[in-house]
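In: prediction below, plus the sequence it came from.
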Amino acid sequence: MKVHVTDLKPGDRLLADTFSEIGLHVLQKGTELDEEEIRKLMQHGVDYADIEPAVLQPEITMLHTQQHELLQKTKPFLENAVDGFESLYMEALATGRFNETVVDDIMEPLVDQLKEHKDIVSLMLCIDQNDDYTYNHSMQVGILSYYIASWLGFSKEEAYEAGRAGYLHDIGKCRIPGSLLNKPGKLTSEEFEEMKMHTIYGHDIIRSSSTDTIPALVALQHHERDDSSGYPHAIDKKEIHPFSRITAVADVFSAMSMNRVYQSKQELLTVMRELHSMSFGKLSANATQAFIRHMLPNFIGKHVVLSTGETGTIVMTNPADFFRPLVNTGDRFVDLSSERDIGIDQIFL
């Protein structure tokens, strides 16, 4: 059957050689198409291809069902991590310390669940954001720190420690007045100086609660930056612990993609673009690039609302601009890399 190139799907097989409009041979008969080869056909101006369609629908349906079941299975562990952090937070507020064993009681079963997930974008999208920002954010940063450490090649034990440290990174906020944490407007310079103290408070609380110095160091350093522009000590990147640099990436992603009293959440691909920009001097390039490289493929198949009001599905990442993909609205294909006046307002499962 002959189909338009924008209707091609991975797994379709060419029944004839394909040529560009100027007669250049592009792909040979019998080629089983993948995303890269479909892009190649588009780039060479091939309009139609004669194909044997892939028989993928049952497998896709099964994968979607399995993904949904896995997300539903994981949700109680996510909720437990949010509730658990609230308990730790309130204990630290009241006593200046927390029960360290509770952290492992929360993190160990959560990480066991995380090992089953491949689509981390779906995992992030399924998180209920109605919970208190600080508690939800800490859970997200713990999860993402675990994944980033894994993607960077750290051992299972080290990745767990990175996730654990990320989970505790903001415990020091319990000593920041609620009027500052929940202030809807911009902080004054004096208020910002007080807010920055949560890093030092967190370090002290964790040191009082545990003999493990790494989570305390991560709490202290997660706002330090590679170019020495961070706080509280504006140190050089050589002095920043690797887990602190990992948590910094997770912290920025989570903060930008969640609703806060002073800022609405940003669409995830916009956040990814900002992280990419920050990897040139601010954030660890290795940690940021590993995060982006593993997250981007998970956006394919996600539903979106465009700035035009149209709804659609991301069908392909664009090699010219990874953060502005090709979207199928059902009526047309929108290449966001070329239609710069159109953006994505929302991404959902």
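Out: Received it, and whenever you're ready, just let me know what you need.
In: low-confidence ranges, the stretch 151-300 of the chain, go.
Out: Scanning the stretch 151-300 of the chain for pLDDT under 70 picks out the ranges 261.
In: now the helices for it?
Out: Applying DSSP state H, counting those that start in this stretch to the stretch 151-300 of the chain gives helices spanning 156-168, 178-181, 189-196, 198-209, 213-221, 242-256, 268-278, 285-295.
In: show me what the helix or strand encompassing Val82 is packed up against.
Out: Using DSSP states H and E, Val82 maps to helix 57-95. If you count contacts as 3 or more CB pairs under 8 Å, 6 or more residues apart in numbering; DSSP states H and E, helix 57-95 packs onto helix 100-114, helix 120-125, helix 133-151, helix 156-168. For every residue, glycine as well, the C-beta is placed using N, CA and C.
In: one step back: among the helices of the stretch 151-300 of the chain, which comes closest to Ala16?
Out: helix 285-295 (35.2 Å; CB to CB).
In: which residues does the helix or strand following the closest one contact?
Out: Downstream of helix 285-295, the next assigned helix or strand under DSSP H and E is strand 303-306. Strand 303-306 is contacted from outside by 311-314, 327, 329, 334, 342-349, using CB atoms under 8 Å, 6 or more residues apart in numbering.
In: mind listing what Ala165 touches?
Out: So Ala165 contacts Ser145, Ile214, Pro215, Leu217, Val218, Ala219, Phe243, Thr247 (CB under 8 Å, 6+ apart).
In: pull the most distant pair out of these.
Out: Ser145 and Leu217 (13.3 Å).
In: shared neighbours, those two?
Out: In contact with both Ser145 and Leu217: Ala165, Phe243, using CB under 8 Å, 6+ apart.
In: who's more crowded, the two?
Out: Shown here are Ser145 and Leu217; by other CB atoms under 10 Å, Ser145 has more neighbours (32 against 18).
In: could you say which helix or strand holds Phe322?
Out: strand 321-328.
In: ok, residues contacting the helix or strand that that strand is followed by?
Out: Elements were assigned by DSSP H and E; along the chain past strand 321-328, the next helix or strand is strand 333-335. Strand 333-335 is touched from outside by Thr6, Leu306, Glu310, Gly312, Val315, Asn318, Leu326, Val327, Asn328, Ile342, with contacts defined as CB under 8 Å, 6+ apart.
In: repeat for stretch 37-47
Out: Contacts for stretch 37-47 (CB under 8 Å, 6+ apart): 4-6, 8, 10, 18-21, 24, 26-27, 31, 49, 316, 319.
In: biggest separation within those residues, which pair?
Out: Largest separation among those by CB to CB: Pro10 and Glu21, giving 24.0 Å.
In: which one's more surrounded, those two?
Out: Neighbours per residue, other CB under 10 Å: of Pro10 and Glu21, the larger number sits with Pro10, 16 against 9.
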